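Dropping a prediction and its sequence here:
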Amino acid sequence: MTVKPTLLIVDDEKPTRDGLRAALEERFDVYVAEDAKAAMETLESESFDVMLTDFRLPNEDGMKLIARAKSLPKPPICILMTAYGSEELAVEAMKRGADDYIAKGRLQIDELEMRIARALKQQTLEVENVSLRKQLDTKFGIENIVGQSPVMQEIFDIVKQVAPSRATVLLTGESGTGKELIAKAIHQLSPRARMPLVTVHPAGLPATLLESELFGHERGSFTGAHERRIGRFEQAQGGTVFLDEIGEIDAATQIKLLRLLGERTFERVGSNKTMTADVRLITATNKNLEAMVKAGTFREDLFFRLRVVEMRLPPLRERAGDIPLLAQSFVREFAKENDKPVRDFTAEAMEMLLHHNWPGNVRELRTAIEHGVVLCRGERIGARDLPPSVRSAGGATNESPVFVKSDLTVKDAEKELIIRALKETNGNRTLAARKIGMPRRTFHRKLHVYHLEGF
């Protein structure tokens, strides 16, 4: 089902309004307004692709209306109509923000449709160019997600396979494992990359507000609904919705979400008008949805709809080999952000990072490194620069110390990590690579780089 462009016709003459609506409603979702005040109320409650307005309106002329419409966060294409055509008026209309100008006396519906289509095409190209420029500055792609462990390499492979499809994806795993980052990577590598990625966090929202957040509402549909609201699925048309903490949604919203996935349609709260949703849905949870299904708190049919492809993101303790890489990446990020010369870690600090259990996963590590960069007085983050939770004995394992040197780079730390793994596995390279979460080929290459082939 193709979504029609939305068109607002503003004219104080009813025959003109009705005639234009009848002529254009086959190709457009048409709304009408009889004056500038009614037009602005409609524009502020609904997003429009095109506004077609007469020049002569009660109380306020069409050019002032266009200027106000163009000040909106998402302004429509504006075409001015007038029976009082002149070259001077056309120039002034363009200065005020009009995208086109047409004289009523020579108005042909075919020509009007052609001009609207041309303007819409130009607008689409401009939106795509802006989106592409933003993408150049946005770290969404897999190449910006740090991880060389086998489990992360497998995640990257799945992302590349699933991204081009329309399949719904369920991301599971503990909090802080990077589910939102993976969702962004899937969107970025998909055919929808030039369209919006809209993120929704349901936790803490009452049921009525969540339903409104997702599907929108009409004015007066519930207490406090003073104006129409566009929901996130409408905002994401053609793109992707990332619905985090899916286990938090209530039973009524689950039903509406199931219908959206099955029929690709929905209604705003308080409306009987059926809307089409051309969106790709990615969801995430740190809860056990299967257990929730068994307990009767989550719909089984919705669970299977969401879990077309399931990806479990591992906790950081299951990929300890990535810690030095992640830590170095965060050091570069926060050193640049805070304009500090920090570039590495002392041996003691790196030992603490590797020994900590990281219950908050990558998110906790990132915060710890930011803390270290801010407090660091030199070029290397020391133990005293790390948060107390990382320094404390309760956050460490019972393993013996890894390092004996007093000063260590991240590369040195990686070398020492490999040596310890080889010692603990009696030189079994396959087991050593698996123990620290490093791909076997990478492990063998590192042995050559660090001159450990004879170990």
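Now that the structure is in, tell me what you want to look at.

Tell me where the stretch 201-350 of the chain has strands.
Along the stretch 201-350 of the chain, counting by DSSP state E, counting those that start in this stretch, strands occupy 240-243, 265-267, 274-276, 280-285, 309-312, 344-345.

Any chance of CSV for these, columns mean pLDDT and mean neighbour count?
Yep, even glycine has a C-beta here, placed from its N, CA and C like the rest. Listed next are these as CSV, based on pLDDT from 0 to 100; neighbours: other C-beta atoms under 10 Å:
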stretch, mean pLDDT, mean neighbour count
strand 240-243, 96, 24
strand 265-267, 90, 16
strand 274-276, 87, 15
strand 280-285, 96, 25
strand 309-312, 96, 16
strand 344-345, 90, 26
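
can you list those in TSV and add distance to Leu57?
Listed next are the strands of the stretch 201-350 of the chain as TSV, based on distance: least, C-beta to C-beta, whole Å:
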stretch	distance to Leu57
strand 240-243	38
strand 265-267	33
strand 274-276	30
strand 280-285	41
strand 309-312	53
strand 344-345	67
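
for those, which one sits closest to Leu447?
Comparison of those against Leu447 by C-beta to C-beta identifies strand 344-345 as nearest, at 22.8 Å.

For that closest one, which helices and strands make contact with it?
The elements that strand 344-345 packs onto, with contact taken as 3 or more C-beta pairs under 8 Å, 6 or more residues apart in numbering; DSSP states H and E, are helix 323-338, strand 380-381, helix 410-424.

Just give me how far it sits from the chain centre.
The chain centre lies 32 Å from the centre of strand 344-345; the measure is C-alpha atoms, centre = their mean, to the nearest Å.

Direction included, what does it pair against?
Looking at strand 344-345 with DSSP bridges, its partner strands are strand 380-381 (parallel).

Name the nearest residue to Leu375, sequence neighbours excluded.
Ranked by C-beta to C-beta, 6 or more residues apart in numbering and with sequence neighbours excluded, the top spatial neighbour of Leu375 is Asp385, at 4.4 Å.

That neighbour - how many residues pack around it?
Neighbour count for Asp385, taken as other C-beta atoms under 10 Å: 23.

For it, list the residues it contacts.
Ala349, His371, Gly372, Val373, Leu375, Cys376, Arg377 (C-beta atoms under 8 Å, 6 or more residues apart in numbering).

Against which helices or strands is whichever strand or helix holds the third one packed?
When you say that, I think you mean Gly372. Gly372 belongs to helix 361-375 when assigned by DSSP states H and E. Applying 3+ C-beta pairs under 8 Å, 6+ apart, one finds that helix 361-375 contacts helix 323-338, helix 347-355, strand 380-381.

6 Å instead, please
Counting contacts by 3 or more C-beta pairs under 6 Å, 6 or more residues apart in numbering; DSSP states H and E, helix 361-375 packs against helix 323-338.

List the buried residues of the helix it packs on.
Neighbour-count burial for helix 323-338, with 16 or more other C-beta atoms under 10 Å as criterion, is recorded at Ile323, Pro324, Leu325, Leu326, Ala327, Gln328, Ser329, Phe330, Val331, Phe334, Ala335.

Looking at those residues, which is nearest Glu416?
Using C-beta to C-beta, Pro324 comes nearest to Glu416 of those, at 9.9 Å.

is it true that that closest one touches Glu416?
No - in this structure, Pro324 is not within contact of Glu416 by C-beta atoms under 6 Å, at 9.9 Å.
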